[in-house]
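[1] no sequence for this one, just the structure:
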C-alpha cells in the first residue's frame with residue numbers, strides 16, 4: 001500500500017511539472033502569434049527627398065565657402081517654408097520606392113500587392129512606382145503578380 005502511495009505522489013509531481021512546461025510553451029506561442037498579427041498591415045513611409053537634400057547640403061557646405069553655404073541654406077529654408085504653406089504646385093510627379101525581398105516560394109508577393117494598392121489609392125497619373133527587387137529566384141508562376 002505504501003508503494004502505491006509513493007507511486008501516486010511521484011506521478012502527481014511529474015504531471016505537475018509537465019503541465020507547467022506546457023503552459024509556458026503555449027504562452028510563448030500565443031505571444032509570438034500576436035506579434036505577427038500586429039506586424040501585418042504595416043507600411044513604413046520615408047521621404048527620400050529630405051534625406052537627399054540633407055546630403056546635398058552637407059556636400060555643398062564642404063565644397064563652397066561659408067558665405068555661399070549660408071546663402072544656399074537660406075534659399076533651402078525659404079523653399080521648405082513655401083512648401084509647408086502650400087504655395088508650390090502639386091503638378092510634379094512623385095516616385096514611390098518599394099523594397100521587395102523575395103524568397104523561393106514568393107511568400108512576399110501578397111505584401112507587394114497590398115503596398116501597390118495603398119500607393120495607387122493616393123497616386124496621381126504622373127506618379128511612378130519603383131520596385132527594388134531582391135530575390136534568389138523561385139517558382140515562376142508565383143511571381144506572376146510581381147511582374
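    Nice, thanks for sending it over. Fair warning: this is a prediction, and the values are worked out from it, not measured in the lab. Residues are numbered from 1 along each chain as shown.

[2] per-residue pLDDT, the residue nearest to the spatial centre of the chain?
    Nearest to the centroid of the C-alpha atoms of the chain, with distances taken as CA atoms, centre = their mean, sits residue 44, at 4.9 Å. We have a pLDDT of 74 for residue 44.

[3] would you agree it falls within a strand?
    No. Counting by DSSP: H, G, I helix; E, B strand; the rest coil, residue 44 is located in no strand; its state is coil.

[4] could you point out which element follows the helix or strand where residue 52 lies?
    In this structure, residue 52 sits in helix 48-63 according to DSSP states H and E. On the C-terminal side of helix 48-63, the closest following helix or strand by DSSP H and E is helix 66-85.

[5] tell me what that next one is packed against?
    helix 48-63 (3 or more CB pairs under 8 Å, 6 or more residues apart in numbering; DSSP states H and E). C-betas here are computed from N, CA, C, even on glycine.

[6] who touches the helix it packs on?
    Residues from elsewhere that reach helix 48-63 (CB atoms under 8 Å, 6 or more residues apart in numbering): 69, 72-73, 76, 97.
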